[in-house]
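Undergrad: Pasting the sequence and the predicted model now:
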Amino acid sequence: MSIHQQNTNIDASHPLQPELYLDPLTRDAIYRTDFVCFIGKCFETLAPGSPFYINWHIYALAYQLEQVRLGNIRRLIINLPPRHLKSVVSSVAFPAFVLGHNPTERVIAVSYGSDLAIKHGNDFRAILNAPWYQRLFPGTQISRTKNTELEVVTTRGGFRLATSI
């Protein structure tokens, strides 16, 4: 059971923020292990002040991507209408979550255009450089040898490569 199912009395008009009601160690443990909460924190970082409305599709997307991370799903097609956070979740938050748990992983994020690939790459780097991310995943550091808009390499040899078709 996730933190979302346990705390149904939280006002849905604001983002689900564990820092509002939990001590820092518990809060960090939740962000480190609950991908839905991690997505919310990434959204807060990338769009400060914007409301994060949690909906069933975010849970479904997070569940399927977590199955990919765990190796239970090897192929996944995501079909959602525009503006439903599929790019933020799958191209920014998910690679950050994966590399946080295993900084040796290799992730390739493909977008339809180079401008979008660059935007997602910059958003990804913003997450990895955020103080809260560094606190959650101290073993995941960006290498000084490769830190560009399209490619980020970790000090442990993992990477996120962005490209377009």
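TA: In hand now; what should we look at? Numbers count the residues shown, from 1 in each chain.
Undergrad: so what's Leu150 up against?
TA: If a contact means C-beta atoms under 8 Å, 6 or more residues apart in numbering, then Leu150 has 117-118, 121, 161-163 as its contacts. Quick note: C-beta positions are derived from backbone N, CA and C, even for glycine.
Undergrad: how about those, which pair is most distant?
TA: The two members of those with the most space between them (C-beta to C-beta) are Ile118 and Leu161, at 12.5 Å.
Undergrad: Figure out the helix or strand that the closest residue to Arg74 other than its chain neighbours lives in.
TA: Counting by C-beta to C-beta, 6 or more residues apart in numbering, the nearest residue to Arg74 once its immediate chain neighbours are dropped is Val68, at 7.7 Å. Taking DSSP states H and E as the definition, Val68 sits inside helix 56-69.
Undergrad: Tell me which other helices or strands that helix touches.
TA: helix 35-46, helix 94-101 (3 or more C-beta pairs under 8 Å, 6 or more residues apart in numbering; DSSP states H and E).
Undergrad: model confidence over the next helix or strand after it, on average?
TA: Read in the C-terminal direction, the helix or strand following helix 56-69 is helix 86-87, with elements assigned using DSSP H and E. Averaged across helix 86-87, the pLDDT comes to 93.
Undergrad: Fine by me, we can end here.
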